[in-house]
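Colleague: Give me the fold of what follows.
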Amino acid sequence: MYLSEFEELHPHIRDFIPTVLFPTTEDPAVAQLILSSIATAMMTVVSIVFAILLMTLTLASTQFSPRIIISFVRDNVTQQTLGIFLGTFLYCLGALPAARNLPAKFCPVVTVFGAMVMAFLCVTWLLFFIIHISRAVSVTHLVDRIARETEDMIKQTLPEMRGEGEGVQKTVSPAHVDAAGMPILSDTSGYILSINNERLFTLAKTHDLSIAVTRRIGHFVPAGIPILGISGKGKVTPELDKSLRKAFNIGTIRTLDADIEFGILQIVDIALKAVSPAINDPSTAINCIDQLSSILIQFAMHKAPQTEFYYPEGTLRVSIPWLGFDRILESAFEQVRLYAQADVAVSLRLLRAFSDIASTLPDRESRKLIVDQGIKLVGGCSEKLSEEVLKEMRLRLAALEKMA
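Modeller: Down below sits the predicted model:
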């Protein structure tokens, strides 16, 4: 039952509405005027919200990175803001026919009062939205939010912590289709958003197959390129071929869901913009480096997921590629290190980040990877900076080398 219908059946509820807000209960034209005015105002505000959002997307795309646009579009506050204003507009639009002169004169006082309350809430929410957007375009807040989302994704994707003395995660490279095997081709182009390992394992056991995944999460796969390599005694039927493809969720836009590297690349893009001659913002680059070091420490603290599935014991059924610590380290710092070699402040912060990460790594092999990054950094800076400036960098590098 609509609110106006309930009010018509129980007119005594009007007594609770202050007469100051609605002095007359007999003229439907007053109700129509108020409802139409609120509906018009809501659509005007929605236009303003869209304009603010487009301005924010343009600014973020040019100032930071086009990769982060998806995070603004998926922002809950933005979606809630549009939903509240559009909901109020539809409420007023639906309530307008209730204010009528025929067949019997009726003025929906309670319904109009509800529209007034919603309008007040919308104005309050608009102030909150403006404050939220002003924080959202702040680079410090933006980088921190991406880092927290990436760390949350690490905890969801890698729920088990690494044991004491256990080595950090190793990269498992994508498989190549065996010459004697059968390739399963992708029927669509896009980024691999997720892979259903359990589905592949179940199909491999049921049909006596060995399945090798040739593309990992985050990779772009064109249509017609193999995503699986099949071998074994079982026969691949058209129905099985279709079931195998369904294990892959392929989308047109790369997202952070199950793709830890994507969060890192977003922060790297912001850091590269900051150290470019056009922007020249070392403070932002330093902030990005701090967050990248935090992400890598969290990543190294977790145990790698299962990448090989056997059934029965000794018979490999499914192999899944995985991006280990070595590749994550390269994604996080390789480009920043190359572009920051002429900036002393950024390079010094890189060396500090390397020391922080190395101090949390249990095995010498992983620490050696960090030390190699530090050696390359100081070597590149030696070609562009004076010896006087390099003194502090060499001291930090010496402390880092002792950790190896």
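Colleague: Okay, and the residue nearest the centre of the chain sits in which element?
Modeller: The residue at the geometric middle of the chain, judged as the C-alpha nearest the mean C-alpha position with Cα atoms, centre = their mean, is residue 256 (4.1 Å). Counting by DSSP states H and E, no helix or strand carries residue 256.
Colleague: Just to check, residue 157 is in contact with residue 261?
Modeller: No - using Cβ atoms under 8 Å, residue 157 is not in contact with residue 261, being 11.2 Å away. Every residue, glycine included, has its C-beta placed from N, CA and C.
Colleague: And these two? Which one has more around it.
Modeller: residue 261 (19 against 15; other Cβ atoms under 10 Å).
Colleague: Return the set of buried residues in the helix or strand harbouring residue 397.
Modeller: Taking DSSP H and E as the criterion, the element that holds residue 397 is helix 387-402. Residues of helix 387-402 classed as buried under the neighbour-count rule (16 or more other Cβ atoms under 10 Å) are 390, 393, 396, 397, 400.
Colleague: ok, now stretch 299-316?
Modeller: Within stretch 299-316, the residues that qualify as buried by neighbour count (16+ other Cβ under 10 Å) are 299, 300, 301, 302, 304, 307, 309.
Colleague: how near is the closest residue to residue 194 other than its chain neighbours to residue 258?
Modeller: Taking Cβ to Cβ, 6 or more residues apart in numbering, and ignoring the residues beside it in sequence, residue 194 has residue 249 as its nearest neighbour in space, at 4.4 Å. Distance of residue 249 to residue 258, given as Cβ to Cβ, to the nearest Å: 9 Å.
Colleague: shared neighbours, those two?
Modeller: Shared between the contact lists of residue 249 and residue 258 (criterion: Cβ atoms under 8 Å, 6 or more residues apart in numbering) are residues 193, 194.
Colleague: Could you dump the buried residues of stretch 299-316 into TSV and include secondary structure and pLDDT?
Modeller: TSV is the format used below for those (DSSP: H, G, I helix; E, B strand; the rest coil; pLDDT from 0 to 100):
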residue	secondary structure	pLDDT
299	helix	95
300	helix	93
301	coil	93
302	strand	93
304	coil	89
307	coil	91
309	strand	93
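Colleague: Make a markdown table out of the residues you listed and add distance to residue 145.
Modeller: Written out in a markdown table, the entries for the buried residues of stretch 299-316 read as follows (distance: Cβ to Cβ, whole Å):
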| residue | distance to residue 145 |
| --- | --- |
| 299 | 18 |
| 300 | 22 |
| 301 | 21 |
| 302 | 21 |
| 304 | 26 |
| 307 | 30 |
| 309 | 35 |
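Colleague: for the record, mean pLDDT for the helix holding residue 397?
Modeller: Throughout helix 387-402, pLDDT has a mean value of 88.
Colleague: got the end-to-end distance for stretch 202-215?
Modeller: Its first and final residues considered, stretch 202-215 spans 19 Å by Cα to Cα, to the nearest Å.
Colleague: what does it contact?
Modeller: If you take Cβ under 8 Å, 6+ apart as the criterion, stretch 202-215 is touched by 174-178, 181, 183, 192, 195, 200, 221, 225-236, 240, 243-244, 247, 309, 311, 315-321.
Colleague: can you do 7 Å?
Modeller: With contacts defined as Cβ atoms under 7 Å, 6 or more residues apart in numbering, stretch 202-215 is touched by 174-177, 192, 195, 200, 221, 226-234, 240, 243-244, 311, 316-321.
Colleague: same deal with stretch 143-159?
Modeller: Contacting residues not belonging to stretch 143-159 are listed as 71, 256, 258, 260, 263-264, 266-267, 270, 287-288, 291, 294-295, 298-299, 302-303, 305 [Cβ under 7 Å, 6+ apart].
Colleague: and stretch 272-287, which residues are buried?
Modeller: 272, 273, 274, 275, 281, 282, 284, 285, 286, 287.
Colleague: which is the next helix or strand following the worst-scoring helix or strand of the chain on mean pLDDT?
Modeller: Using mean pLDDT, DSSP states H and E, helix 3-9 stands out as the lowest-scoring helix or strand of the chain, at a mean of 65. Once helix 3-9 ends, the next helix or strand along the chain (criterion: DSSP H and E) is helix 28-63.
Colleague: roughly how far apart are residue 129 and residue 52?
Modeller: Using Cβ to Cβ, one gets 8 Å for the distance from residue 129 to residue 52.
Colleague: Neighbour count: these two, which is higher?
Modeller: Comparing residue 129 with residue 52 by neighbour count (other Cβ under 10 Å), the higher total belongs to residue 129, at 24 against 17.
Colleague: picking that back up, can you get me the centre-to-centre distance for the helix holding residue 397 and its chain?
Modeller: 36 Å (Cα atoms, centre = their mean, to the nearest Å).
Colleague: Kindly report the same for stretch 74-87.
Modeller: The mean C-alpha position of stretch 74-87 is separated from the chain mean by 18 Å, Cα atoms, centre = their mean.
Colleague: Can you list the buried residues in it?
Modeller: Using 16+ other Cβ under 10 Å as the burial criterion, the residues of stretch 74-87 that qualify are 75, 78, 81, 84, 85.
Colleague: Among these, name the ones in helices.
Modeller: With helices defined by DSSP state H, the entries of those inside them are 78, 81, 84, 85.
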